[in-house]
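*Asks:* predicted model and sequence follow; I will ask about them next.
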Amino acid sequence: MNLSHFADFCEQAVKDGVLFYYTGEFSQNVIGAMTDTLKQRLDAVGVSGPARRKLFSTFVEMSQNIMHYADAAPSGGAKVGALAVGKTGDSKYWIVSGNPVRVEHVERIKGKVEPLRTMTIDEIKAAYREQLRNDDHEQDAVSRGAGLGFLTVAREASEPLQYQIVYRSEQQEYAEFYLRAAI
Amino acid sequence: MENLYIAATNETPEIDFCFDKHKLHVSGESYPENAMAFYAPIRASLQDYLASAQPAGEVEAHFALKYFNSSSTKLIRSMIALMHDSAQGGKRIVTHWYHDPEDDMMSEFGNDLKDEFRMLDIRVVAMAAA
């Protein structure tokens, strides 16, 4: 990246209220380091109380989602992705994440996130309770977090979750899954 | 049976099961990479304890968790379920579920547990962090 691109990148980040940005491998060690950094960042910016707690919770869920479920990068090896945290005005925050997914998994992910977008908060809480008490989860061979991951994020968000699937022409096997939660 | 103590780490809670005094404590944050690997032995230990000799008085359980991730949630609930089964079987168990006064999620979770596990004496307690 040349310097003028980096200067543009920094300027855009400031305009968009970015507080934290990371791209790379998502392992438990990395997530541990990031949660420490995020806590300090939130202290420095003066985010406290419920917003802080929700940001932290969403941050952990999204990072661990990437760690567990991102399909390995086209070049193989570690689970990679990107994540950013930012602010849009008075006490309103957002977290976005992006990670590769195999094209054959796209429908499954859409199937999990799309219904949450039209549910009321009470419906989300009810779905959460049901998922929590559901012992048949063991039949879902792919999901490890009891199906609660997206429900947890949706429950804490102040608006319906937003997501986007991006296909790149040069990449046949993988698409990119982007998720945004507003706090 | 031997007491169970696991020191807290950044991402796992302190487990302090004083079986000899019949006081069980779980406190801190929980977001391990593999929740099942962390909680399975703890759950097994709790199960053994609850199945063993009757304590003379009551068993006290204290949960003071500041945060737990989605994969820890089911496993924490399953420990409460174990205690509930035990209470249904006649054991006297009192469970304290602590939460920060501003933490709606944690207080709601405690109240949901109370709603679900009716035979277990669960007390949801607002407590400011030390």
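*Replies:* Great, that's in hand.
*Asks:* which SSE is the closest residue to residue A:42 other than its chain neighbours in?
*Replies:* Spatial nearest neighbour of residue A:42, excluding adjacent residues (CB to CB, 6 or more residues apart in numbering or on different chains): residue A:52 at 5.4 Å. C-beta here means a position set from N, CA and C on the backbone, and glycine is covered the same way. In the assignment (DSSP states H and E), residue A:52 maps to helix A:49-69.
*Asks:* how far does that helix sit from its chain's centre?
*Replies:* When C-alpha coordinates are averaged (CA atoms, centre = their mean, to the nearest Å), helix A:49-69 and its chain have centres 7 Å apart.
*Asks:* also stretch A:120-139?
*Replies:* Centre to centre, stretch against its chain (CA atoms, centre = their mean), the figure for stretch A:120-139 is 20 Å.
*Asks:* any buried residues in that stretch, and which?
*Replies:* For stretch A:120-139, the neighbour count (16 or more other CB atoms under 10 Å in any protein chain shown) marks A:124-125, A:127-128, A:131-132, A:137 as buried.
*Asks:* just stretch B:88-108 next, same as before
*Replies:* Residues B:91, B:93, B:95-100, B:103, B:105-107 are the ones in stretch B:88-108 that count as buried (16+ other CB under 10 Å).
*Asks:* and the contacts of it?
*Replies:* Stretch B:88-108 is contacted from outside by A:49-50, A:53, A:57, A:155-156, B:50, B:54-55, B:57-66, B:80, B:83, B:86-87, B:109-110, B:113-114, B:119-129, using CB atoms under 8 Å, 6 or more residues apart in numbering or on different chains.
*Asks:* restricted to helices, list the residues you listed.
*Replies:* Counting by DSSP state H, these place A:49-50, A:53, A:57, A:155-156, B:50, B:80, B:83, B:86-87, B:109-110, B:113-114 in helices.
*Asks:* return the member of those residues nearest to residue B:32.
*Replies:* The closest of these to residue B:32 turns out to be residue A:57 (CB to CB; 15.1 Å).
*Asks:* can you count the residues close to the spatially closest residue to that closest one that is not a sequence neighbour?
*Replies:* Spatial nearest neighbour of residue A:57, excluding adjacent residues (CB to CB, 6+ apart): residue A:156 at 5.8 Å. When neighbours are counted by other CB atoms under 10 Å in any protein chain shown, residue A:156 registers 21.
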